[in-house]
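Novice: Give me a model of this one.
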Amino acid sequence: MAVASPADRRRGPLRALSTVLALALVATPVPAAADPKPSAKRLKTELAALQKESDTLITDYYNSRIAHEKAEKGEKSAREKLTAAQEVYDRESIELRGLAVARYMDAGPAGPTMIARGVDADDYLSRLAFTEHLIDLQAARLSGFAKVRDDHQRAQSEAAARAEELGTRVKDLADRRAKAEKLIEKIRDKIDQLYRAPGVRRSDGTWVPQLPEGSDHITPRMRLVKSLVAERFDVPYGIGCYRAIQDGGEHPLGRACDFMLSRGGAMPSAAEVRRGDEIAAWAIKNAKRLAIMYIIYRQRIWHARTGTWRVMSDRGGATANHYDHPHISVY
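Specialist: Now for the predicted structure:
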């Protein structure tokens, strides 16, 4: 048997240790890698799919609106038919009751009884002929009344069916609209996620200031926020950003924009107030990513440092108190 050399004897334990470590590494599960953040390409692919689905929903929504309008017309027509049928029904009922009373009053007792009582025969025959005439007239009326009654019942059934159809259409329309709006909101959120404020961000979460540039004299960060708000909320009364007046704010620094909800200092409509609320809520939701420093709206200010609204002092007037526009400033 071969004798191991001193070197081999020293390497033996090392080889054994290496084997144990290798086995331990193989046996130890490797933690799964975290899912990477979605790339712009992936988000755009998702947006395209969502947009296609949204277009289909919107098409269904408008088709449902057309069906709803038809159902409304049908229900109105059924109600008009029911009203007309009710008038005929009531009129025929009154006339039938009159005929019944006339027959009862004029038919009299049987012929022999009347003759025995000394009633003139000619008069009796005349009254009998009149009674038969009333019977024939009543039979004709009854036949016509049956048709009126049936028309009335059909009109009632049609009106009830149309009203039920209209209620179903209204609910379906509301459901489709809510679904479409929810999907569109999801698409818009995806669009927002494609953008982040340009520039350098400090470790404390604040941003290194930027210089204004371009013909509009605003910073790249402010320009991004302005374009995103304009694209998402329309802002039909205009957006005012840079102004040279040194008032201690961010406008002359190119770091603020006003998103107008009315003209000439007038108080905005209820719909425009809601638009302002939506702009302010959107700015808060995206403040961290878009470097939004503070928002002023309806005599209140929201600051990124605190994350809460506080009431501001009265500055006099709708514009000065920001009732006719939300103001957004960026770092």
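Novice: List the residues that contact the residue nearest to residue 242 when sequence neighbours are not counted.
Specialist: Nearest non-adjacent residue to residue 242, counting by C-beta to C-beta, 6 or more residues apart in numbering: residue 217, 3.9 Å away. The C-beta positions use only the backbone N, C-alpha and C, and glycine is treated the same way. When the contact criterion is C-beta atoms under 8 Å, 6 or more residues apart in numbering, the partners of residue 217 are 241-242, 254.
Novice: how's the chain carved up into domains?
Specialist: The record's domain parsing of the chain by automatic domain parsing lists 40-193, 220-330.
Novice: Just say which of the ones you listed is most tucked in.
Specialist: domain 220-330 (a mean of 17; mean count of other C-beta atoms under 10 Å).
Novice: Can you pull the poorly scored residue ranges out of the stretch 201-331 of the chain?
Specialist: For the stretch 201-331 of the chain, applying pLDDT under 70 flags no range at all.
Novice: Break down it into its strands, ranges please.
Specialist: Listed in chain order, the strands of the stretch 201-331 of the chain (DSSP state E, counting those that start in this stretch) span residues 239-240, 256-259, 292-296, 300-303, 309-311, 327-330.
Novice: Serialize those to CSV and add fields for distance to residue 145.
Specialist: Written out in CSV, the entries for these read as follows (distance: least, C-beta to C-beta, whole Å):
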stretch, distance to residue 145
strand 239-240, 72
strand 256-259, 69
strand 292-296, 73
strand 300-303, 71
strand 309-311, 72
strand 327-330, 74
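Novice: closest to residue 193 out of these?
Specialist: strand 292-296 (15.3 Å; C-beta to C-beta).
Novice: what residues does that closest one touch?
Specialist: The list of residues contacting strand 292-296 from outside it, by C-beta under 8 Å, 6+ apart, reads 225, 250, 255, 280, 283-284, 286-287, 301-304, 312, 322, 326-331.
Novice: Could you tell me which strands sit next to it in the sheet, and their orientation?
Specialist: Sheet partners assigned to strand 292-296 using DSSP bridges are listed as strand 300-303 (antiparallel), strand 327-330 (antiparallel).
Novice: Would you mind saying which of the ones you listed lies nearest residue 196?
Specialist: Judged by C-beta to C-beta, the one of these that comes nearest to residue 196 is strand 327-330, at 12.4 Å.
Novice: neighbouring contacts of that closest one?
Specialist: Contacts of strand 327-330 from elsewhere in the structure, counted by C-beta under 8 Å, 6+ apart, are 197, 207, 219, 221-222, 225, 229, 249-250, 255-259, 279, 283, 290-297.
Novice: rewinding a little: using CSV, please lay out the strands paired with strand 292-296 together with distance to residue 147.
Specialist: Converted to CSV, the strands paired with strand 292-296 look like this (distance: least, C-beta to C-beta, whole Å):
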stretch, distance to residue 147
strand 300-303, 70
strand 327-330, 72
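Novice: right, and these - which one's nearest residue 180?
Specialist: Using C-beta to C-beta as the criterion, the shortest distance between residue 180 and the strands paired with strand 292-296 is 28.1 Å, found for strand 327-330.
Novice: Alpha carbons of the closest one, as CSV, please.
Specialist: Listed next in CSV are the C-alpha coordinates belonging to strand 327-330 (Å, rounded to 0.1, in the frame of the first residue of the first chain):
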residue,chain,number,x,y,z
HIS,A,327,-51.1,77.0,-8.6
ILE,A,328,-48.3,74.4,-8.8
SER,A,329,-44.7,75.1,-7.9
VAL,A,330,-41.8,72.7,-8.4
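Novice: Understood, closing this out.
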